[in-house]
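> Quick one: sequence and predicted model below, then my questions.
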Amino acid sequence: MTNQITITQALNELKLYDKKIEKATKANFVSFGQIGDKQKVGTKDKEEFKKDSKAALKSVMDLIENRNKMKSAIVKSNASTEVTIDGKTMTVAEAIERKTSIEYEETLLLVIQHQNEYAQKQVNSYNNSVDDEIRALSDNNKKDDNKALSEEELKVMIGMKEKCKKEIVSGFDADKEIATMYDTTQGFLANVDTALTLSNATTFIDVEL
């Protein structure tokens with residue numbers, strides 16, 4: 001019989017199947033008893049046990065088969081159904097995968113942020129010390145006329161110190177990339193659950209059970 005249900009209903013059914021299968025697999029499928037048709041297997045007649053054992057196996061296999069059909073229908077639907085998340089259109093399957101793998105993007109973002117902040121701190125600290133040296137050089141040159149440098153000599157000295165300053169080095173604009181990565185990941189995470197919930201509630205699949 002073919003049933004038409006929403007993805008949300010199908011996902012709930014999957015959870016029920018999981019519980020039923022877990023419970024059904026605890027049945028007694030194989031045991032032992034004395035030789036002879038009328039002997040007991042535990043408290044059951046041997047033939048009764050064999051009948052129940054066969055029925056229990058079929059019950060579990062039917063549950064597993066139905067679960068597989070349900071799961072297969074969901075997977076096929078997810079591969080073709082599209083959702084729009086933070087302005088970007090993708091299949092439900094792609095959205096689910098990205099929701100799992102986005103941690104790599106978040107980790108990368110944190111690494112770049114940390115390195116950029118550390119580099120900026122070091123550059124600021126070093127360049128501030130160079131500025132202090134230049135300021136001191138200029139101040140000292142004004143105080144001691146006997147050892148004062150000519151304007152040209154002072155300019156050369158300051159130029160040499162300016163060249164010692166440090167700068168942020170990267171193959172890309174770190175600040176811009178950090179902002180873009182943050183907006184992209186957070187925009188996705190803020191909207192993915194709502195988009196998937198809405199899609200699952202309005203998308204129907206046919207399941208033959």
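Good, I have the coordinates.
> Tell me where the chain is predicted with low confidence.
Within the chain, the ranges that satisfy pLDDT under 70 run 36-38, 140, 142-150, 153-154.
> Can you show me the strands along it?
Along the chain, counting by DSSP state E, strands occupy 2-6, 40-41, 44-45, 82-85, 88-91, 204-208.
> Please identify which of those is closest to residue 193.
strand 82-85 (9.7 Å; Cβ to Cβ). In this view, the C-beta of every residue, glycine as well, is placed from N, C-alpha and C.
> Contacts for that closest one next, please.
With contact meaning Cβ atoms under 8 Å, 6 or more residues apart in numbering, strand 82-85 is reached by 89-92, 95, 187-188, 191-192, 195-196, 198-199.
> now do 10 Å
Strand 82-85 is contacted from outside by 89-92, 94-96, 98-99, 187-196, 198-200, 203, using Cβ atoms under 10 Å, 6 or more residues apart in numbering.
> Then stretch 192-205?
Stretch 192-205 has contacts (Cβ under 10 Å, 6+ apart) with 3-11, 70, 72-74, 76-78, 80-86, 90-92, 95-96, 98-99, 102, 188.
> Show me what counts as buried in it.
Residues 192, 195, 196, 199, 200, 203, 205 are the ones in stretch 192-205 that count as buried (16 or more other Cβ atoms under 10 Å).
> Could I get the residues you listed in TSV, plus columns for distance to residue 57?
Putting the buried residues of stretch 192-205 into TSV (distance: Cβ to Cβ, whole Å) gives the following:
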residue	distance to residue 57
192	41
195	42
196	37
199	37
200	33
203	35
205	29
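> And the helices in this structure?
Assigned by DSSP state H, the chain shows helices spanning 7-24, 46-80, 92-143, 151-162, 174-202.
> how much distance is there from the fourth one to the middle of the chain?
Averaged C-alpha coordinates place helix 151-162 at 54 Å from its chain's average position (Cα atoms, centre = their mean, to the nearest Å).
> Now for residue 74, how many residues are close by?
Per other Cβ atoms under 10 Å, the neighbour tally for residue 74 reads 21.
> same deal with residue 69?
When neighbours are counted by other Cβ under 10 Å, residue 69 registers 13.
> Hmm, residue 208 and it touching each other?
Yes: counting by Cβ atoms under 10 Å, residue 208 is a contact partner of residue 69 at 6.5 Å.
> For residue 164, which of the strands of the chain is the nearest?
Using Cβ to Cβ, the strands of the chain put strand 88-91 closest to residue 164, at 46.1 Å.
> Give me the buried entries from the contacts of stretch 192-205.
5-10, 70, 73-74, 77-78, 81, 83, 85, 90-92, 95, 98, 188.
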